[in-house]
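A.B. asks: sharing a model prediction with you, sequence too.
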Amino acid sequence: MTTTVTTAQADGHATADPHALAAAFDAAVADEVRIEPRDWMPDAYRDTLVRQMAQHAHSEIIGMQPEANWITRAPSLRRKAILMAKVQDEAGHGLYLYSATETLGVSRDDLLDKLHAGRQRYSSIFNYPTLTWADVGAIGWLVDGAAITNQVPLCRCSYGPYARAMVRICKEESFHQRQGYELLLALSRGTPEQHAMAQDAVNRWWWPSLMMFGPPDDESAHSAQSMAWRIKRHSNDELRRRFVDICVPQAEILGLTLPDPDLRWNEERGGYDHGPIDWAEFREVLRGNGPCNRERLERRRAAHESGAWVRQAAVAYAAKQREAGRAAGHGADQEAGA
Amino acid sequence: MNAALALGDDALVLAQRLGEWAGNAPVLEEDVALTNIALDLLGQARTLLSLTGDEDELAFRREAHEFRNVQLVEQPNGDFADTIARQLYFSVYQELLYGALAEGGSELAPLAGKAVKEVAYHRDHAEQWTLRLGDGTEESHRRMQRALGTLWRFTGELFEPLEGLAVELPALHAPWRERIAGVLGRATLEIPEGADRTAWSAGAGRQGVHTEPFGRMLAEMQYLHRAHPGASW
């Protein structure tokens, strides 16, 4: 996994005492000093970041599918432009998250191979289908809203490249969230059919959105260590409650009902309590038995495989240009790299 | 005929086709690039259609025979070579056209002045890929040559005179051909032989005659809007 970087670092720190390095790392993290690619870091920290950042990058590119599903059918040119711009943003997020992950000594090609082989995950939420136009709005409002709640704290993540990527991503995601909300508002205030479409979408996306925060704190496999490393700053349940508190008043303005009969204000805590989450469904979707797991991965693999000849052509062309540059004895290398 | 409508339909239909690529491109950078080109074209379409009427009425409520786009832009995406060949033919045409329009004093000059900058990028993108596919591997060369040949018959229509347009389109045909020949030469590709129009494509799109795939494309594009008459979105 991280041959290049670990080798380089082992060389650089050949004489350093491993205990001293670990202590310096822990102190830096505790002092909120950003860890940068060339800094020493424990292998487990690196592995955790690769796992989490790759999953995040994969989620961006798999997440293009359910939304791109509606680009060709968007009901107005304005909405079509907004949706295209959003899907394009997601491809861009994928690009800089893969780049940020590459600073840990892995390559995008490797990460994609692992995604295609089912060895790395993407967010389970994208295994749910977009059945109507209102789903585009529900994804923006709820799914992007949940993502932002999760991701804003990552802007202060201890790993510099990830934290910086997240600053830009969060800005764009908050646009998407507002656009989704505005889309739903237009539907909710539209014809009875449009209103019903919006309510149906919220009914289907609400619970999966709550699941995006991950299992309850007492069952979360990676939480404690990630909190100690300042990769994560708040617990799953804490973020989930924060999200619910934001959504309840927004749903009221939308004129839509959140599909939870147990949702009520808790005076003592100063927040909303929600009903029980169906964790059996969550585990099933994780296991590959969600409504679209197979389709999403197959579509991704198909795009990759049917584009193989294009990538090969680009590589072959670059090699020819380098060769020609060498033969001419001057600057064609630059063009070949363009 | 309304020239703004014809050019707007060209941009709208090609944007719709390119939008089909989102999430399916050979490499992530192309998901960004193709969607970006689609967005530019959609922006041009919205401006042009709005000169004629309500953009959504025009995009979603017209029948196929009322669309005035050239047949080239409605052709299905095919493989990446087909899409790049379509992009090369069309973006070189659009760059020449908008360049000429921008210099004139017609009502389309301001739009053309802005769009020609976008289109220069589209043309560069198509050129760069034509070079890579043409002079890449044997397979990419074969696919690109085939795509250029398949779409060649739709290129003559681009230069049919368009009533109400401040630019003489037939006069752009020779410079277009020269530029295409230049790129293809550098890409080790041949300029296709054979007719650049058929009895069905000679100016037919501009008169509302379209090819079979166009009806299906419109059905998909328009169904939701049409299913809710009078609704706002």
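C.D. replies: That came through fine. Residues are numbered from 1 along each chain as shown, chains lettered A, B, ... in the order given.
A.B. asks: in the stretch 101-250 of chain A, what residue spans correspond to helices?
C.D. replies: A:108-116, A:134-138, A:144-151, A:160-188, A:192-211, A:223-228, A:236-254 (DSSP state H, counting those that start in this stretch).
A.B. asks: other SSEs contacting the fifth one?
C.D. replies: Secondary-structure packing of helix A:192-211 (3 or more C-beta pairs under 8 Å, 6 or more residues apart in numbering or on different chains; DSSP states H and E): helix A:134-138, helix A:144-151, helix A:160-188, helix A:236-254, helix A:279-284. Yep, even glycine has a C-beta here, placed from its N, CA and C like the rest.
A.B. asks: most tightly packed of those helices?
C.D. replies: Neighbour counts (mean count of other C-beta atoms under 10 Å in any protein chain shown) averaged over each of the helices and strands packed on helix A:192-211 peak at helix A:134-138, with a mean of 27.
A.B. asks: work out for me the element the residue most central in space within chain B sits within.
C.D. replies: By C-alpha atoms, centre = their mean, chain B has its centre lying nearest to residue B:73, at 4.1 Å. According to DSSP states H and E, residue B:73 maps onto helix B:71-74.
A.B. asks: what of residue B:89?
C.D. replies: Going by DSSP H and E, residue B:89 is part of helix B:80-103.
A.B. asks: contacts only, for the residue nearest to the centre of chain B.
C.D. replies: B:10, B:13-14, B:17, B:86, B:90 (C-beta atoms under 8 Å, 6 or more residues apart in numbering or on different chains).
A.B. asks: dump those residues to TSV, plus distance to chain A and neighbour count.
C.D. replies: Compiled in TSV, the contacts of residue B:73 are given as follows (distance: C-beta to the nearest C-beta, whole Å; neighbours: other C-beta atoms under 10 Å in any protein chain shown):
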residue	distance to chain A	neighbour count
B:10	15	28
B:13	12	28
B:14	13	28
B:17	9	22
B:86	15	26
B:90	18	25
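A.B. asks: next, format the residues you listed as JSON lines and append pLDDT.
C.D. replies: What follows is those, written out as JSON lines (pLDDT from 0 to 100):
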{"residue": "B:10", "pLDDT": "98"}
{"residue": "B:13", "pLDDT": "98"}
{"residue": "B:14", "pLDDT": "98"}
{"residue": "B:17", "pLDDT": "98"}
{"residue": "B:86", "pLDDT": "98"}
{"residue": "B:90", "pLDDT": "98"}
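A.B. asks: tell me which of those residues is nearest to residue B:153?
C.D. replies: residue B:86 (12.5 Å; C-beta to C-beta).
A.B. asks: that closest one: what's it in contact with?
C.D. replies: B:14, B:17, B:72-73, B:75, B:147, B:151.
A.B. asks: which among the residues you listed gets closest to residue A:20?
C.D. replies: Residue A:20 lies nearest to residue B:17 out of the contacts of residue B:86, by C-beta to C-beta, at 60.4 Å.
A.B. asks: quick check: chain neighbours aside, which residue is closest to that closest one?
C.D. replies: residue B:77 (5.8 Å; C-beta to C-beta, 6 or more residues apart in numbering or on different chains).
A.B. asks: what's the closest non-adjacent residue to the residue nearest to the centre of chain B?
C.D. replies: residue B:14 is the one closest to residue B:73 (C-beta to C-beta, 6+ apart), at 4.1 Å.
A.B. asks: pLDDT at residue 224, what is it?
C.D. replies: Reading this off chain A. pLDDT recorded at residue A:224 is 82.
A.B. asks: my question was about chain B, not that one.
C.D. replies: So, for residue B:224, pLDDT stands at 98.
A.B. asks: which residues sit in contact with the closest residue to it other than its chain neighbours?
C.D. replies: With C-beta to C-beta, 6+ apart as the criterion, residue B:224 has its nearest non-adjacent residue at 4.5 Å, and that residue is residue A:75. Residues in contact with residue A:75, defined by C-beta under 8 Å, 6+ apart, are A:133, B:60, B:224-225, B:228, B:231, B:233.
A.B. asks: format these as CSV; extra columns: distance to residue A:219 and neighbour count.
C.D. replies: Below are those laid out as CSV (distance: C-beta to C-beta, whole Å; neighbours: other C-beta atoms under 10 Å in any protein chain shown):
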residue, distance to residue A:219, neighbour count
A:133, 36, 24
B:60, 49, 19
B:224, 41, 19
B:225, 46, 22
B:228, 44, 16
B:231, 45, 16
B:233, 42, 19
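A.B. asks: and the furthest pair within those residues?
C.D. replies: Using C-beta to C-beta, the two most remote members of the contacts of residue A:75 are A:133 and B:60, lying 13.2 Å apart.
A.B. asks: OK, contacts around residue 181?
C.D. replies: Using chain A. A:137, A:140-141, A:250, A:254.
A.B. asks: that was the other one, I meant chain B.
C.D. replies: Contacts of residue B:181 (C-beta under 8 Å, 6+ apart): residue B:191.
A.B. asks: if we can go back for a sec, pretty sure the residue nearest to residue B:17 is in a helix, no?
C.D. replies: No: counting by DSSP: H, G, I helix; E, B strand; the rest coil, one finds residue B:77 to be coil, located in no helix.
A.B. asks: measure residue B:56 to chain A for me?
C.D. replies: 5 Å (C-beta to the nearest C-beta, to the nearest Å).
A.B. asks: state the distance from the spatially closest residue to that residue that is not a sequence neighbour to residue B:166.
C.D. replies: Leaving aside its chain neighbours, residue B:56 sits nearest to residue A:76 (5.0 Å; criterion: C-beta to C-beta, 6+ apart). Going from residue A:76 to residue B:166 by C-beta to C-beta, to the nearest Å gives 30 Å.
A.B. asks: report how many residues lie close to the closest residue in space to residue A:286 that isn't next to it in sequence.
C.D. replies: With sequence-adjacent residues excluded and distances taken as C-beta to C-beta, 6+ apart, residue A:286 is closest to residue A:124, at 5.7 Å. Neighbour count for residue A:124, taken as other C-beta atoms under 10 Å in any protein chain shown: 21.
A.B. asks: kindly report the same for the one 5 residues further on.
C.D. replies: Residue A:129 is flanked by 16 other residues according to other C-beta under 10 Å.
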